[in-house]
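**Student:** Any chance you can model this:
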Amino acid sequence: MIVAINKMDMVNYDQKVYQKIIEDFEQLRQRASFQDQNIHYIPISALHGENIMEGSAEMPWYSGKAFLPYLENIDLDIQSDQLPARFQVQTVIPPKNEAHHDFRAYAGKLRSGALRVGDRIRVLPSKKESKIKEILFFDEKYQKVSAGSSVSLTLEDDIQVSRGDLLIKS
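**Tutor:** So this is what the prediction gives:
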């Protein structure tokens, strides 16, 4: 996660104010249920373009990357079974014919964690919940999949799931 601390110009680019904001944020983070977050703090002034594209002469005390270069170099494909389960829905597979009129699957990639048949899931952003009925890959069924797996899931309940939604364990 990136915390861009904006409005540094309003506090005269003061490093002490920046450090205090980080301390306050870290206190909040200690109360979070997921402790393995990778958080990076970047002081910026979006109004004046300070530390957006390149380092700022107004903040010589900050030696990290500017905001956009940092964003451009983030590795978004971190796949780990140790992280909470995140399944990105890439497409919805509707019924193909009348013989399978009640079939609906959600194809995508499990970005992290592991999923099993019977796991309770929550759909984001709608927050609707269901259970995994089947895990499919072509004509094969699996009981469990781990991070990096591209599969299709069917759910026990008929809830709205769309392309771009995120399924997480609930």
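
**Student:** After the worst-scoring helix or strand of the chain on mean pLDDT, heading C-terminal, what element do we hit next?
**Tutor:** Ranked by mean pLDDT, DSSP states H and E, the weakest helix or strand in the chain is strand 2-5, scoring a mean of 70. Tracing the chain C-terminally past strand 2-5 and defining elements by DSSP states H and E, one meets helix 15-30 next.

**Student:** which other helices and strands contact that next one?
**Tutor:** Where contact means 3 or more CB pairs under 8 Å, 6 or more residues apart in numbering; DSSP states H and E, helix 15-30 is packed against strand 2-5, strand 40-43. Quick note: C-beta positions are derived from backbone N, CA and C, even for glycine.

**Student:** Out of those strands, which one sits most buried?
**Tutor:** Mean neighbour count (mean count of other CB atoms under 10 Å) peaks for strand 40-43 among those, with a mean of 20.

**Student:** Does anything pack onto that one? Which helices or strands?
**Tutor:** Where contact means 3+ CB pairs under 8 Å, 6+ apart, strand 40-43 is packed against strand 2-5, helix 15-30, helix 67-72.

**Student:** Try it again at 6 Å.
**Tutor:** The contact analysis (3 or more CB pairs under 6 Å, 6 or more residues apart in numbering; DSSP states H and E) places strand 40-43 against strand 2-5.

**Student:** could I get the helices and strands packed on helix 15-30 as a markdown table with distance to Tyr18?
**Tutor:** Below are the helices and strands packed on helix 15-30 laid out as a markdown table (distance: least, CB to CB, whole Å):
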| stretch | distance to Tyr18 |
| --- | --- |
| strand 2-5 | 6 |
| strand 40-43 | 5 |
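
**Student:** so which of those gets nearest Asp119?
**Tutor:** strand 2-5 (29.9 Å; CB to CB).

**Student:** For the residue nearest the centre of the chain, give its distance to Ser170.
**Tutor:** Here the mean C-alpha position of the chain is nearest to the C-alpha of Arg86 (CA atoms, centre = their mean), at a distance of 7.4 Å. The spacing between Arg86 and Ser170, counted by CB to CB, to the nearest Å, is 13 Å.

**Student:** Run through the bridge partners of the residue lying closest to Leu124 once chain neighbours are set aside.
**Tutor:** Of all residues not flanking Leu124 in the chain, Leu166 sits nearest, at 4.4 Å (CB to CB, 6 or more residues apart in numbering). The residues listed as beta-bridge partners of Leu166 by DSSP bridges are Gln88, Leu124.

**Student:** Give me the below-cutoff pLDDT ranges for this structure.
**Tutor:** Scanning the chain for pLDDT under 70 picks out the ranges 1-3, 34-36, 76-81, 97-101.
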